[in-house]
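Chemist: Sequence unavailable; structure follows:
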């Protein structure tokens, strides 16, 4: 007996090639007499009125699609099932080339739900919040196009911690520890951890080690007043505002939690990660023979 009665389908808003698969899945749901809705074109600012009350949302694309769907669904406690049509697809669960059998299993209740912490960021100017956003991966304060470092004063729970002279600072969740934070030299955190990670990007003669904080911590990053380089704020790779000298970016745990539908074994994370970090590629050409 089907346990999911109301399902949404989201194509990647910036990848038109995902729309035909979204329509195919919607037709399949209709054949199962499952109430459903679909969006093939939408933006971050688009209100998705059908999300509340849904039992599941299917996101089609890659990790970018998953991040967008997570931010749309988390406020309504709706789980997301990812179908990979991207390159990496680390957050997705199902391959686009073989989605029918897995989806059939999910519709019949053969899945578990993985929960992941999110972050909430505010950009404050003279105590006024001028921009804000929720992030599953990370909040990034970084320089603009000019190839010059920026000065960022970091505070943890209102206590001054250090001043970074760097290209930027990544503030990430455990989920985001395997994204930009990893590329910047941060540690790998398993996704079930509810920690906040601070990683400087290309620091110059300043603190270079990452810092791992507890879920209840508050991080504030102040753009030093003598900065002359453009500074931008991004949430999960989406630009949300320009940081002026003296502005503060405050980051803390979000009240929302992302829920992912999983069918793999619960200890899937490390094998899946290592397969991407050290892919088992076939040998290109005949291997060289050892010279004796």
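Modeler: On my side now, so go ahead. Everything numeric in this text was worked out from a predicted model, so none of it was measured. Numbers count the residues shown, from 1 in each chain.

Chemist: which other helices and strands contact the helix or strand that contains residue 67?
Modeler: Element membership for residue 67 (DSSP states H and E) is helix 63-73. Applying 3 or more CB pairs under 8 Å, 6 or more residues apart in numbering; DSSP states H and E, we find helix 63-73 packed against strand 6-10, strand 56-61, strand 80-84, strand 128-135, strand 248-262. All C-beta atoms are positioned from the backbone trio N, CA, C, and that covers glycine.

Chemist: what's that helix in contact with?
Modeler: 10-15, 18, 44, 48, 51, 54, 57, 59, 79-80, 82, 86, 88-92, 118, 133-137, 236-237, 258-260 (CB atoms under 8 Å, 6 or more residues apart in numbering).

Chemist: How much space separates residue 98 from residue 264?
Modeler: Counting by CB to CB, to the nearest Å, the gap between residue 98 and residue 264 amounts to 14 Å.

Chemist: more crowded one of those two?
Modeler: For residue 98 versus residue 264, neighbours defined as other CB atoms under 10 Å are more numerous around residue 264 (13 against 10).

Chemist: what element comes up after the longest helix seen in the chain heading to the C-terminus?
Modeler: Secondary structure of the chain per DSSP state H: the longest helix is helix 19-31. Using DSSP H and E, the helix or strand that directly follows helix 19-31 along the chain is strand 35-39.

Chemist: buried residues in that following strand?
Modeler: 36, 37, 38, 39 (16 or more other CB atoms under 10 Å).

Chemist: could you pull out the helices for the stretch 51-200 of the chain?
Modeler: Using DSSP state H, counting those that start in this stretch, the helices of the stretch 51-200 of the chain run over 63-73, 100-107, 180-183.

Chemist: Let me know which of these is tucked in deepest.
Modeler: helix 63-73 (a mean of 25; mean count of other CB atoms under 10 Å).
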